[in-house]
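Asker: Take a look and give me a structure for this.
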Amino acid sequence: MPPYVMKCPSNGLCSRLPADCVECKTNFSCVYGKPVAFDCTVKPSVTCVDQDFKSQKNFVINMTCRFCWQLPETDYECSNSTSCMTVSCPRQRYTANCTVRDHIHCLGNRTFPKMLYCNWTGGYKWSTALALSITLGGFGADRFYLGQWREGLGKLFSFGGLGIWTLIDVLLIGVGYVGPADGSLYI
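Answerer: Got it, this is the predicted structure:
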């Protein structure tokens, strides 16, 4: 039994079969962004049905003419980066490997690299950091909350830099310049 058969649902709709289960003829009259019909045939050992539940081998797939890397983000899944530092200017990007979802049909490679923005959170709330900075900033509570314990100790033992450091931190946290120490975004 060929390995692709495991991905192919038996007796499902032909138009919903994953791309690994069908072979389609390239339509050279395809105009980017316009609807196009592809003549397809199921691979050996794959069975599918039409809308009336009649078995068929040849069918037509209607789709928009575009390459896989041009699909909307909902039509593919990408790997996540664990080395992102999101509190940076300009925002940092990373190369992700993306794979098109099984039931989506497109032109070109179904696996492709894509540059994505670092966009993850460690669970820190901006409003909590700002409230701590305003109320307990003189004791370094805002910096301790954000995981910046060295700065927190400095503020604690200097009474918030005699108030000056506290006022500056209220502004820096308020505009989002100071963020969590792990580089994540606020919730």
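
Asker: This structure: helices as residue ranges?
Answerer: Ranges of helices in the chain, per DSSP state H, are 126-136, 141-145, 149-157, 159-162, 164-174.

Asker: Now do the same contact list for the most centrally placed residue in the chain.
Answerer: The structure's the chain has its C-alpha centroid closest to Cys78; by CA atoms, centre = their mean the separation is 5.8 Å. Cys78 makes contact with Ala96, Asn97, Cys98, Thr99, Lys114, Leu116, according to CB atoms under 8 Å, 6 or more residues apart in numbering. Every residue, glycine included, has its C-beta placed from N, CA and C.

Asker: for Thr111, same thing?
Answerer: Asn97, Cys98, Thr99, Val100.

Asker: Look at the last one and say how many residues are nearby.
Answerer: The tally of other residues near Val100 (other CB atoms under 10 Å) stands at 21.

Asker: do the second one as well
Answerer: A total of 20 residues lie near Cys98 under the criterion other CB under 10 Å.

Asker: Enumerate the beta-bridge partners assigned to it.
Answerer: Beta-bridge partners recorded for Cys98 (DSSP bridges): Cys78, Phe112.

Asker: Next one, pLDDT for it please.
Answerer: Per-residue confidence at Cys98 stands at 94 (pLDDT).

Asker: who's in contact with it?
Answerer: Cys98 makes contact with Trp69, Tyr76, Glu77, Cys78, Ser79, Thr111, Phe112, Pro113, Lys114, according to CB under 8 Å, 6+ apart.

Asker: Quick check on those: which are buried?
Answerer: The neighbour count (16 or more other CB atoms under 10 Å) marks Trp69, Tyr76, Cys78, Phe112 as buried among those.

Asker: Who's the closest spatial neighbour of the first one, skipping the chain neighbours?
Answerer: So the one you mean is Trp69. Phe112 (4.6 Å; CB to CB, 6 or more residues apart in numbering).

Asker: I'd like to know how far that neighbour sits from Ser83.
Answerer: Distance from Phe112 to Ser83, counting by CB to CB, to the nearest Å: 21 Å.

Asker: Widest-spaced pair of the contacts of Cys78?
Answerer: Thr99 and Leu116 (13.8 Å; CB to CB).

Asker: more neighbours, those two?
Answerer: Legend: neighbour count by other CB under 10 Å for Thr99 and Leu116, higher for Leu116 (17 against 14).

Asker: my guess is that one contacts Arg93, does it?
Answerer: Yes. Leu116 lies in contact with Arg93 (CB atoms under 8 Å); the separation is 6.4 Å.
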